[in-house]
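Student: Using only what follows, build the 3D model:
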Amino acid sequence: MRHSLALFDSLRGPPRRRRPIPTVVPRIRVIGWSDPAPLPVRPTPLPDDPLDAARLRCRLTALAAALDDLPGQARRLARWRRRRDAAVQRGRPHRLSPLRPGPPPGLPKSGSSRAHTVHATLDDLHGLAFWTLQHPDTS
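Tutor: Presented below is the predicted three-dimensional model:
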């Protein structure tokens, strides 16, 4: 099975409404005749419970394959840029940047605290990615 890393970030679509998860079950009783049924209790996961890491393993495998073939990935990006430039010249709508507009995924909203060093690093790397697209290395 060949793993590949996405060339560019997916665009955010319109916000989807999630179906509410039922947390209440009907508790039918006859007053004086029966007691109400107890509410079901979901087990709380413990910190040491195993997690399925298959998706993370696939992403790391794809990242390793992309890093092993940097010239091929550069050619892939160049092909995308040529197709984008041709579409723009013909007046067809096309993405202008491989990066998704807005803040990086995983960065907390502006009203919340960004005191953690991971958030500062994520913000710095996102800015570096935009800077790299604006100032390509032509050497």
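Student: buried residues in the helix or strand containing Leu133?
Tutor: Assigned by DSSP states H and E, Leu133 falls within helix 117-134. The neighbour-count check on helix 117-134 (16 or more other CB atoms under 10 Å) flags 119, 122, 126 as buried. Glycine gets a C-beta too; all of them are placed from N, C-alpha and C.
Student: What helices and strands are in contact with it?
Tutor: Of the remaining helices and strands, none touches helix 117-134 by 3 or more CB pairs under 8 Å, 6 or more residues apart in numbering; DSSP states H and E.
Student: sorry, back to before: CSV for the buried residues of helix 117-134, including distance to Gly72?
Tutor: CSV is the format used below for the buried residues of helix 117-134 (distance: CB to CB, whole Å):
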residue, distance to Gly72
His119, 33
Leu122, 27
His126, 25
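Student: Considering those, which is situated nearest to Gly91?
Tutor: His126 (30.6 Å; CB to CB).
Student: For that closest one, which non-adjacent residue is closest in space?
Tutor: In this structure, His126 finds its nearest non-sequential neighbour in Pro104, 3.8 Å apart by CB to CB, 6 or more residues apart in numbering.
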